[in-house]
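*Asks:* using only what follows, build the 3D model:
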Amino acid sequence: MNRIEALAAAVREEGADALLLTGEVNLIYVTKTIALEGQCLIFPNGEAVFVTDGRYTETAEQQLIPLGFAVITRPQATALYEFLQTLLREHGVQKLMYEDDVLTVDEFAVMRELLSISFQPVRARIRKLRANKSEEEIAHIIRAQRIAEAALQRLLPELHIGMTEREAAARLNYYMALGGSEKPSFDTILLFGENTSKPHGVPGDRALQIGDFVLVDFGAVYHGYHSDMTRTIAFGSATDEMRKVYETVLAAQLAAQAAARENMLCCDMHNAAAEVIEAAGYGQYFTHALGHSVGLEIHESPVAAPRCNVPLTRGVVMTDEPGIYIAGKFGVRIEDMLVITDGAPRNLTQFPKEFTILS
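*Replies:* Numbering: from 1, shown residues only. From the prediction side, this is the model:
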């Protein structure tokens, strides 16, 4: 079933007359393109209409008509909701599904006032459809990941005493852009020394020193799809404690990877890693969920968290990123992306993760 058909089925099941998509991510999902702006209407019979303006008409016609869309250009002089009201009336729409997890309260209030019809929230339906990735989507994520890996490989030899976190992060982002990334997946986390104990620290003016851990959490975007990886590397030298913590995190990460399977509860995937860290005496220093799904957004559902009783399903791309963070000293996180299958998960991350000391 293609994406238009899947969304049309959702409209039928809800007893609605149409689904209106306005959010950027869902529009990319249904149109498979990042080069457009507009609104999309999906009808129960599988008809799909993309409404845009003159800036995007040519691109929309070239890319969407072959996929089965009708492309309509809204006149510049006609307000959006006036145009949509006419279009909905022509299709006899009395009940419209809308993206309740995308629209703001103010936007929905305006839409409800101007369209004068009844509304049905789409709730989690589209997110559930997006959760299980096709091979085409996985290929985009892999491409984003290879761009990120190449950028990190280029950066590491350039790290030197006195380089700041901010400069290193800027170089990494630049190398991803040169490699074909549309943008960073999120604000790059690149930290040195004691700052690595902050799971979501912000790169600043801390300068690199011998004996520091370097923690890099980052990703690239390709065709709208995100990658996500973390590596922690020692610079110049490392203590026995640093090595012990690193090996504990790596063992936890591998335990979660070995356990992950279709139909496994998300919380059990988290627990597979947490139990290793707890047994090593560092339980109090693992302060976040094991992972999250990745796709057109960097954080999707479901999540590998202690309170998530949702079963993993085939095609979910889940991060596996345990960490130990000792305030004022250092932190370690190692992260790969796994595709859930009915057997051993497929690891999309190729960058080495054995304990490494950069000379």
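
*Asks:* going by C-alpha atoms from here, please, whenever you check contacts or count neighbours.
*Replies:* Fine.

*Asks:* give me the below-cutoff pLDDT ranges for the stretch 1-150 of the chain.
*Replies:* Within the stretch 1-150 of the chain, the stretches with pLDDT under 70 are 1.

*Asks:* would you map the helices across the stretch 101-250 of the chain?
*Replies:* 105-115, 125-131, 135-155, 165-179, 240-259 (DSSP state H, counting those that start in this stretch).

*Asks:* can you list the ones you listed in a markdown table and add mean neighbour count and distance to Leu20?
*Replies:* Rendered in a markdown table, the data for the helices of the stretch 101-250 of the chain read as follows (neighbours: other CA atoms under 10 Å; distance: least, CA to CA, whole Å):
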| stretch | mean neighbour count | distance to Leu20 |
| --- | --- | --- |
| helix 105-115 | 13 | 11 |
| helix 125-131 | 16 | 12 |
| helix 135-155 | 20 | 23 |
| helix 165-179 | 20 | 33 |
| helix 240-259 | 19 | 38 |
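
*Asks:* what would these look like in TSV with distance to Thr33?
*Replies:* Below are those laid out as TSV (distance: least, CA to CA, whole Å):
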stretch	distance to Thr33
helix 105-115	24
helix 125-131	15
helix 135-155	12
helix 165-179	19
helix 240-259	32
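
*Asks:* between these, which gets nearest to Glu297?
*Replies:* Glu297 lies closest to helix 125-131 among the helices of the stretch 101-250 of the chain, at 10.0 Å (CA to CA).

*Asks:* for the closest one, packing partners?
*Replies:* With contacts taken as 3 or more CA pairs under 8 Å, 6 or more residues apart in numbering; DSSP states H and E, helix 125-131 sits against helix 3-14, strand 300-304.

*Asks:* out of the ones you listed, indicate the one that is most buried.
*Replies:* Highest mean neighbour count among these (mean count of other CA atoms under 10 Å): strand 300-304, with a mean of 23.

*Asks:* list of residues touching it?
*Replies:* For strand 300-304, the surrounding residues in contact (CA atoms under 8 Å, 6 or more residues apart in numbering) are 127-128, 131, 266-270, 289-294, 308, 310, 312, 318.

*Asks:* list buried residues within the residues you listed.
*Replies:* Listed as buried from the contacts of strand 300-304 are 131, 266-270, 289-294, 308, 310, 312, 318; burial here means 16 or more other CA atoms under 10 Å.

*Asks:* find the nearest non-adjacent residue to Val49, please.
*Replies:* Leaving aside its chain neighbours, Val49 sits nearest to Ala70 (4.7 Å; criterion: CA to CA, 6 or more residues apart in numbering).

*Asks:* next: Phe83.
*Replies:* Leaving out its chain neighbours, the residue that sits closest to Phe83 by CA to CA, 6+ apart is Arg74, at 7.0 Å.

*Asks:* quick check: Phe50 is in a helix.
*Replies:* No. Using DSSP: H, G, I helix; E, B strand; the rest coil, the assignment for Phe50 is strand, not a helix.

*Asks:* roughly how far apart are the nearest residue to Val316 once chain neighbours are set aside and Gln62?
*Replies:* The spatial neighbour of Val316 that comes closest, neighbours along the chain excluded (CA to CA, 6+ apart), is Asn132 at 4.7 Å. Relative to Gln62, Asn132 is positioned 28 Å away (CA to CA, to the nearest Å).

*Asks:* more crowded one of those two?
*Replies:* In this view Asn132 and Gln62 are compared by other CA atoms under 10 Å, and Asn132 has more residues nearby, 21 against 11.

*Asks:* hang on, that one packs against Thr313?
*Replies:* Yes. Between Asn132 and Thr313 there is a contact under CA atoms under 8 Å: 7.1 Å.

*Asks:* distance between stretch 346-359 and the chain's centre?
*Replies:* In this view, stretch 346-359 has its centroid 21 Å away from the chain centroid, taken as CA atoms, centre = their mean, to the nearest Å.

*Asks:* hmm, I was thinking of stretch 285-295
*Replies:* From the chain centre to the centre of stretch 285-295 is a distance of 12 Å (CA atoms, centre = their mean).

*Asks:* stretch 306-315 too?
*Replies:* On CA atoms, centre = their mean, the centre of stretch 306-315 falls 16 Å from the chain's centre.
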